[in-house]
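1. could you work out the structure for the sequence below:
(chains A and B)
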Amino acid sequence: MSLNRDQIAMRVAQELQDGYYVNLGIGIPTLVANYVPNDIEVMLQSENGLLGIGPYPTEDQVDADMINAGKETVTAAVGASIFSSAESFAMIRGGHVDLTVLGAFEVDQNGNIASYMIPGKLVKGMGGAMDLVAGADNIVVTMTHADKRDNSKLLESCTLPLTGVACVKRVVTDLAVMEIKDGAFHLIERAPGISIEEIQQKTAGKLVVPDDGQVPEMSL
Amino acid sequence: MSGFNKVVSSYQEAMTGLTDDMTIIAGGFGLCGIPEGLINEIKSMGVTGLTIVSNNCGTDDFGLGMLLEDKQIKKMVSSYVGENAEFERQYLSGELEVDLTPQGTLAEKMRAGGAGIPAFYTATGVGTPVAEGKEVKQFNGRDYILEESVTGEFAIVKAWKADKIGNLIYRDTAMNFNPMAATAGKITVVEVEEIVEVGELDPNHIHTPGIYVNRIIQGSFEKRIEKITLAKN
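-> Numbers count the residues shown, from 1 in each chain, chains lettered A, B, ... in the order given. Have a look, this model is predicted:
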């Protein structure tokens, strides 16, 4: 079975380490906050100026002045700090954030990512994504492996305008976990019950499977 | 003391001098921390041909999005415009010019503009459409692009508290772009929730020193929320 959104987030949460400062993008990445392992502490950064995102508020706690980068109402965690957008991107661009998780339309085998516009169709903007991918060493992309018409989103070369060049190192999809290196997607794990053949078939870019053909299933 | 008293009593007075084709630097992130009353005033003034530098353009019926209705905006410099259908329509039809700018680059453009730095190098956007036409330079083996800073004839800012001489304190994530915007206007107008006497704010807690501020107006805010998300159960 391919993973649902929450299961993708659960798998990404396994990438977190104790003491990490983490920026979670909009969509599936935001869900990762729900699956932080109990035995570690992480601090979530929101690029609109909050380090230490707390839980969503109760009705009484809702405050229009306290939102995350997805414009959802949030609270500040104990130990949080609040700062300007310039300060926020100083920490991002300056490489102080340990892990960035973001969504994408396309990723290619050279680690390029396209996530912010479809020419002539959709104008959304890159928000903070270009700064995040330029500033982070450790970037995980979450996405579905293929679009609704089964076209692969893991390509030899991105077709859409790029958000960043040669920056993505890891991709977690509904079918697989892959590492990007040496111009290829390296298959590390597969979703429970998903065959290597299916992953191969839905990966348009170069996919490298271990020589022994053994790819473990994710444990969620 | 009166030489430093920057409090004005009407929105008309607050935005006096704004005319067609000017550039406005605006604070705010989505609908959070926006100078609601100043935007309303710009709408009723009917000025057109504006260039607005702001992370977002509000929603269709609130914030800067309201200035789209009467086509007052010629150009937007923004990082994210996904919440606004009219914006998308005007952009795709060519009525509205948009300079999509990465969020951190946008914040730094304002900061640098206000600090007298005309341009800066950043790795953000290298190899993407953002880099087109911009100088590329290598430092320590990595490529960076040259981004020019911005200033405007006006800056419009929302703060939580101000004293009468323009020292400002922001509250929570309503701070966002406001401190940088405050530095980047030739005339910086601040709409605040509360104006206090000089001396009431602790100098250690001032976010924006009054030197950047030209006019202060007491606002009343609706503070609309784009996405109310609540704790489960």
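
2. how many residues are close by residue B:109?
-> By other Cβ atoms under 10 Å in any protein chain shown, 27 other residues sit near residue B:109. Where C-beta positions appear, they are placed from N, C-alpha and C, glycine not excepted.

3. looks to me like it is in a helix.
-> Yes: counting by DSSP: H, G, I helix; E, B strand; the rest coil, residue B:109 is located in a helix.

4. enumerate every residue touching it.
-> B:53, B:101, B:147, B:148, B:149, B:150 (Cβ atoms under 8 Å, 6 or more residues apart in numbering or on different chains).

5. now residue A:4
-> Residues in contact with residue A:4 (Cβ under 8 Å, 6+ apart) are residue A:174.

6. per-residue pLDDT, it?
-> On pLDDT, residue A:4 comes in at 97.

7. state the number of residues packed around residue B:223.
-> By other Cβ under 10 Å, the residues close to residue B:223 number 16.

8. over to the one 5 residues further on?
-> In terms of burial, residue B:228 registers 13 neighbours under the definition other Cβ under 10 Å.

9. next one: residue A:147
-> Neighbours of residue A:147 (other Cβ under 10 Å): 12.

10. gap between it and residue A:202?
-> 10 Å (Cβ to Cβ, to the nearest Å).

11. same thing with residue B:109?
-> Taking Cβ to Cβ as the measure, residue B:109 falls 41 Å from residue A:202.

12. before we move on, back to that, and the contacts of residue B:109 as JSON lines, adding secondary structure?
-> Putting the contacts of residue B:109 into JSON lines (three-state DSSP) gives the following:
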{"residue": "B:53", "secondary structure": "strand"}
{"residue": "B:101", "secondary structure": "coil"}
{"residue": "B:147", "secondary structure": "strand"}
{"residue": "B:148", "secondary structure": "strand"}
{"residue": "B:149", "secondary structure": "coil"}
{"residue": "B:150", "secondary structure": "coil"}
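
13. and the buried ones among those residues, selectable in PyMOL?
-> This is how PyMOL selects the buried members of those, with burial counted by 16 or more other Cβ atoms under 10 Å in any protein chain shown:
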select buried, chain B and resi 53+101+147+149+150
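
14. contacting residues around the residue nearest to residue B:59 when sequence neighbours are not counted?
-> By the measure of Cβ to Cβ, 6 or more residues apart in numbering or on different chains, the closest residue to residue B:59 outside its immediate chain neighbours is residue B:65, 5.0 Å from it. Shown in contact with residue B:65 (Cβ under 8 Å, 6+ apart): B:57, B:58, B:59, B:84, B:86, B:87.

15. helix, strand, or coil at residue B:65?
-> helix.

16. how close does it get to residue A:110?
-> Separation of residue B:65 from residue A:110 (Cβ to Cβ): 38 Å.

17. and residue B:197, by the same measure?
-> As for residue B:197, its distance to residue A:110 is 60 Å (criterion: Cβ to Cβ).

18. between these two, which is the more surrounded one?
-> For residue B:197 versus residue A:110, the count of surrounding residues by other Cβ under 10 Å is larger for residue A:110: 20 against 9.

19. mind putting the contacts of residue B:109 in JSON lines, distance to residue A:25 and pLDDT included?
-> Shown next, in JSON lines, are the contacts of residue B:109 (distance: Cβ to Cβ, whole Å; pLDDT from 0 to 100):
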{"residue": "B:53", "distance to residue A:25": "24", "pLDDT": "98"}
{"residue": "B:101", "distance to residue A:25": "18", "pLDDT": "97"}
{"residue": "B:147", "distance to residue A:25": "23", "pLDDT": "98"}
{"residue": "B:148", "distance to residue A:25": "28", "pLDDT": "98"}
{"residue": "B:149", "distance to residue A:25": "27", "pLDDT": "98"}
{"residue": "B:150", "distance to residue A:25": "26", "pLDDT": "98"}
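
20. let's have the contacts of residue B:109 in a markdown table, adding distance to chain A.
-> Formatted as a markdown table, these follow (distance: Cβ to the nearest Cβ, whole Å):
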| residue | distance to chain A |
| --- | --- |
| B:53 | 12 |
| B:101 | 8 |
| B:147 | 11 |
| B:148 | 16 |
| B:149 | 12 |
| B:150 | 13 |
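
21. which residues touch the lowest-mean-pLDDT helix or strand in chain B?
-> Taking mean pLDDT, DSSP states H and E as the measure, the helix or strand of chain B with the lowest value is helix B:85-92, at a mean of 86. Residues outside helix B:85-92 that contact it (Cβ under 8 Å, 6+ apart) are A:120, A:122-123, B:57, B:60, B:65, B:68-69, B:71, B:76, B:81, B:96, B:98.

22. what is the lowest-pLDDT residue among those residues?
-> Comparing the contacts of helix B:85-92 by pLDDT, residue A:122 comes last, at 68.

23. before we move on, back to that, nearest to chain A, of the contacts of residue B:65?
-> Of all the contacts of residue B:65, residue B:87 has the smallest distance to chain A: 7.5 Å, by Cβ to the nearest Cβ.
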